[in-house]
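Enquirer: Could you look at this predicted model? Sequence included:
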Amino acid sequence: MLRNLFSRMRTLADWIGSPERARFRNVLNWIFLAGVIAYLFFQLKQIGWAEIWETRPTSPLFYLFVLLGYLMLPLADTAIYRHIWKSPIGETFVACLRKRIYNSAFVGYSGEVFLLVWSRQRVDRSDAQRAHEIKDTNILSALVSNYVTAGLLLFLLIRGGFRHPEMPWFDLWSLATLALAVLTPIAFLFRNRFMVLSRHDSWTVLAIHAFRFAMVQVFVLAQWKVELTAIAFGGLISLLAVQMLVSRIPFVPNRDLLFVSIGIALSSSMALPQTKIASLLVTTAALQQILHLVVAVVTSFGITGRGKAASSGAEIATK
């Protein structure tokens, strides 16, 4: 399945990266960028500007933790691809910021397609090699994510889980995630059959992903705790388990907003204050969209540090 997916990625990269389509790509660049910005504005409007302002959290630490959590993924990706490709740090960071936008606001793996196209003119390796390296980093990320999610789900089950008549699929998806976590080590033992990264690179990437996942969970729990001081960590960890499970649903656009609706619906089942949970999740989702919008604009007009890196990141974004 992954082999077919990344074979299609290479085919798509070949089509959109050919020189004869340069003018067409430049036109698409601005059209697509305008679409990104318009879509993000639409999402913010759907959440509701007045409601966001009226129910906003009051602690400055909440907003700091949201920002830190947002930056962890592009920072980790930058460290990974800098290690594998030896690409320039500034350009790589801008590209990884863009990758985060595409995977979060649009369909999963669209960010990987963007990264494959972006790296074509910057990494002296074949499309097949780079596609396999991107695939390998995703496999290792999924391995860590599966274990983090499985651990949180076990915690949730030990606490008694929850029952919600409108979401019978949740238990099935939880069991599937736990089963996948059990089978994952078997696949890793035979990694030489389907992975191109060396043992050293694989363990380095795995360590970076593990550190990133740990820090993100710490920041999420911290941002909730500063606003829900009366709620025990056990209840917040249960909500975190729901968030991680939703994040594992593949090919779903904007899982941040999906988690908002699911988290609000399930909060009563987990004995959490539904009104305050709704306020926190809606505010967090709005902040995520605002950060996506700011990053899209800033990296498009060369405001980030090295202008050349930012502008070229914008150019590649819609190739």
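Expert: Nice, I can see it. Remember, it's a predicted structure, so these values are computed and weren't measured experimentally.
Enquirer: elements contacting the lengthiest helix in the chain?
Expert: Ranked by number of residues, the top helix in the chain under DSSP state H is helix 127-158. In this structure, helix 127-158 makes packing contacts with helix 2-17, helix 60-85, helix 110-119, helix 169-189, helix 199-225, helix 233-247, judged by 3 or more Cβ pairs under 8 Å, 6 or more residues apart in numbering; DSSP states H and E. Bear in mind the C-beta positions are built from the backbone N, C-alpha and C, glycine included.
Enquirer: Packing partners of the shortest one?
Expert: To tie it back to what came earlier, the one meant is helix 110-119. Helix 110-119 sits against helix 2-17, helix 60-85, helix 89-105, helix 127-158, helix 307-317, with contacts defined as 3+ Cβ pairs under 8 Å, 6+ apart.
Enquirer: rerun that using 6 Å as the cut-off
Expert: Helices and strands touching helix 110-119, by 3 or more Cβ pairs under 6 Å, 6 or more residues apart in numbering; DSSP states H and E, are helix 2-17, helix 89-105, helix 127-158.
Enquirer: right, and residue 291 touches residue 70 too?
Expert: Yes - checked against Cβ atoms under 6 Å, the pair residue 291 and residue 70 is within contact range at 5.2 Å.
Enquirer: quick check: mean pLDDT across stretch 78-96?
Expert: Averaged over stretch 78-96, pLDDT sits at 94.
Enquirer: Please disregard the earlier target; I meant stretch 261-272.
Expert: So the average pLDDT for stretch 261-272 ends up being 74.
Enquirer: Just the buried residues of it, please?
Expert: By neighbour count on 16 or more other Cβ atoms under 10 Å, the buried set for stretch 261-272 is 262, 263, 264, 265, 266, 267, 269, 270, 272.
Enquirer: helix or strand right after the helix or strand harbouring the fifth one?
Expert: In the assignment (DSSP states H and E), residue 266 maps to helix 255-267. Taking DSSP H and E as the definition, the helix or strand that follows helix 255-267 towards the C-terminus is helix 274-300.
Enquirer: Could you list the buried residues of that next one?
Expert: Of all the residues in helix 274-300, those buried under the rule 16+ other Cβ under 10 Å are 276-289, 291-293, 295-296, 299-300.
Enquirer: Mind giving me the packing neighbours of it?
Expert: Here helix 274-300 touches helix 22-47, helix 89-105, helix 255-267, helix 307-317, going by 3+ Cβ pairs under 6 Å, 6+ apart.
Enquirer: By mean pLDDT, show me the worst of these.
Expert: helix 307-317 (a mean of 41).
Enquirer: re earlier: what mean pLDDT does the longest helix of the chain get?
Expert: The predicted model gives helix 127-158 an average pLDDT of 86.
Enquirer: Could you figure out how far that helix is turned away from helix 89-105?
Expert: Relative orientation of helix 127-158 and helix 89-105, computed by axes from the mean of the first three to the mean of the last three Cα atoms, to 10 degrees: 50 degrees.
Enquirer: And helix 127-158, what's buried?
Expert: 127, 130-153, 156-157.
Enquirer: now that helix against helix 199-225, angle please.
Expert: Using the same axes, to 10 degrees: helix 127-158 against helix 199-225 is 40 degrees.
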